[in-house]
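> Turn this into a model:
(one chain, ligands or ions: 2)
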Amino acid sequence: MNDPMILEFTRADARRWVREPGPSDDKYTRGVLGVVTGSHDYPGAAVLGVEAAIRTGVGMLRYTGPGRVCDLVLHRRPEVVTVAGRVQAWLLGSGMDARTRTAQQRETLVAAAYSGVPCVLDAGALDLTGETSGPAVITPHARELARLLSSRGVPVTEEEISADPCSWAARAARELQSTVLLKGHQTVVSDAEGQLRVLPRATGWLATAGTGDVLAGILGALCATNAEVIVGDPRTLASVAATSVVIHSRAAELASAGGPIAALDIAGMIGRAVAELAAD
Ligand SMILES: NC(=O)C1=CN([C@@H]2O[C@H](COP(=O)(O)OP(=O)(O)OC[C@H]3O[C@@H](n4cnc5c(N)ncnc54)[C@H](O)[C@@H]3O)[C@@H](O)[C@H]2O)[C@@H](O)CC1
Ligand SMILES: Nc1ncnc2c1ncn2[C@@H]1O[C@H](COP(=O)(O)OP(=O)(O)O)[C@@H](O)[C@H]1O
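Ligands and ions are numbered 1, 2, ... in the order given. Sure, this is the predicted structure:
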């Protein structure tokens, strides 16, 4: 495969995408994130993503999901709004399964994907790649990317992707015409032209259930607060995605302090990680 072009991504680059509220801001001008995540099988993914998005900083979060999941989300975060309305970005698919989704759930996802605002497609919404009208970033791990590429006529295995994540992220981004955030022990982000941002390795304690849902929440929040710039220049979405990885890794490091972590602990440290970046 061709050597992908690798761009340096520094903390100073990440700092650009942390948008601090000014005196004239209100909850709507800061950015509203719409979230369609979770299912009867995976309600926790919705709770984790919502918690992470709120900790990253949004003006408001609108959540749509099954009744029980909605109750759990509200129990954890009563500030969440469950009334439909305008949003500046969407986070779709964490804790959902494309094979077991109802037709109604698919319709909800597709309507969001065609709303024109930036979209994060995670887990059970990855099959909607290419079915978006605005800028989109997909967040697969190697197994999910292998499944997605194979379904689009590019046969590849999880092992092949894990052995060469840079080349495969760049190839996937070009084939799928989408920003790709490929998760793993070495996370890489590619813009649709195949230009890569390779992020520093994070703590191995991140290899635990739910940490990807937290990452998706961080990214969703950054998309909502930077929506205008992303819509104006969709290539910026790769830098926004790389910023989410920087915040996620730092929050994990703070939560871990060298020992094991639970996904929710990472979400609890996001505020500090964002504050550190803002202070740079
Ligand atoms: N608390 C939650 O609600 C969580 C929800 N999650 C959601 O779970 C869904 C599925 O994500 P996955 O990444 O698991 O999906 P994948 O479909 O990529 O992984 C499932 C596959 O992992 C393999 N596997 C399962 N158990 C294994 C074991 N004990 N040893 C070795 N291999 C094993 C099997 O091949 C299985 O088919 C997503 O929607 C995701 O968002 C996860 O994020 C975990 C936490
Ligand atoms: N060995 C590892 N070292 C560092 N980070 C890892 C490692 N394994 C996984 N991660 C990170 O942990 C997160 C796992 O996400 P994901 O696979 O979606 O899990 P889940 O579906 O359980 O949330 C990703 O951000 C990934 O980059």
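> From what I see, Tyr42 and Met96 are in contact.
Yes. With contact defined as CB atoms under 8 Å, Tyr42 reaches Met96; the gap is 7.2 Å. All C-beta spots, glycine's among them, are computed from the backbone N, C-alpha and C.
> who's more crowded, those two?
Under the criterion of other CB atoms under 10 Å, the comparison of Tyr42 against Met96 puts Met96 first, with 26 against 21.
> in a strand, that's where the more buried one is, yeah?
No. Assigned with DSSP: H, G, I helix; E, B strand; the rest coil, Met96 falls outside any strand and is coil.
> What is the burial count for the residue of the stretch 1-150 of the chain found nearest ligand 2?
Ligand 2 sits closest to His141 of the stretch 1-150 of the chain, with a gap of 4.0 Å, by CB to the nearest ligand atom. For His141, the neighbour count with other CB under 10 Å is 17.
> and the helix ranked longest in the chain, does that touch ligand 1?
As assigned by DSSP state H, the longest helix anywhere in the chain is helix 237-256. No. Judged by CB under 6 Å from any ligand atom, helix 237-256 stays clear of ligand 1, getting no closer than 13.6 Å.
> Can you spell out which helices and strands pack onto that helix?
helix 11-15, strand 136-138, strand 179-182, strand 188-190, strand 195-198, helix 211-225, helix 263-279 (3 or more CB pairs under 8 Å, 6 or more residues apart in numbering; DSSP states H and E).
> partners of the fourth one in the sheet?
It refers to strand 188-190. strand 179-182 (antiparallel), strand 195-198 (antiparallel) (DSSP bridges).
> Quick one: closest of those strands to ligand 1.
With CB to the nearest ligand atom as the criterion, ligand 1 lies closest to strand 179-182 of those, at 13.2 Å.
> what residues does the closest one touch?
135-142, 145, 161, 165, 168-169, 172-173, 187-192, 215, 219, 234, 237-238, 241, 244-245 (CB atoms under 8 Å, 6 or more residues apart in numbering).
> try 7 Å this time
For strand 179-182, contacts defined as CB atoms under 7 Å, 6 or more residues apart in numbering pick out 136-140, 145, 165, 168-169, 172-173, 187-192, 237-238, 241.
> what about the stretch 1-150 of the chain, any weak spots by pLDDT?
1-3 (pLDDT under 70).
> Residues of it that sit close to ligand 1?
Contact residues (CB under 6 Å from any ligand atom) of the stretch 1-150 of the chain with ligand 1: 42, 44-45, 94-97, 123-124, 143-144.
> Not counting its neighbours along the chain, what's nearest Val229?
Counting by CB to CB, 6 or more residues apart in numbering, Val229 lies nearest to Thr236, which is 5.6 Å off, once chain neighbours are set aside.
> Check the gap between the nearest residue to Asp26 once chain neighbours are set aside and Ala112 for me.
Nearest residue to Asp26, sequence neighbours excluded (CB to CB, 6+ apart): Gly59, at 7.1 Å. The gap separating Gly59 from Ala112 is 18 Å, by CB to CB, to the nearest Å.
> quick one: which of the two has more around it?
Applying other CB under 10 Å to Gly59 and Ala112 shows that Ala112 carries more neighbours, namely 24 against 18.
> what's near enough to touch Leu219?
With contact set as CB under 7 Å, 6+ apart, Leu219 has these partners: 120, 137, 139, 241, 244.
> Look at the residue in the stretch 151-280 of the chain that ligand 2 sits nearest to and say how many residues are nearby.
Minimum separation of the stretch 151-280 of the chain from ligand 2 (CB to the nearest ligand atom) falls at Gly212, amounting to 2.0 Å. When neighbours are counted by other CB under 10 Å, Gly212 registers 23.
> who in the stretch 51-200 of the chain is up against ligand 2?
When proximity is defined as CB under 6 Å from any ligand atom, the stretch 51-200 of the chain approaches ligand 2 at 141, 183-185, 187.
> how far away is the residue minimising distance to the centre of the chain from Gly210?
What sits nearest the mean C-alpha location of the chain, by CA atoms, centre = their mean, is Ala216, with 2.9 Å. Between Ala216 and Gly210 the distance is 10 Å, computed by CB to CB.
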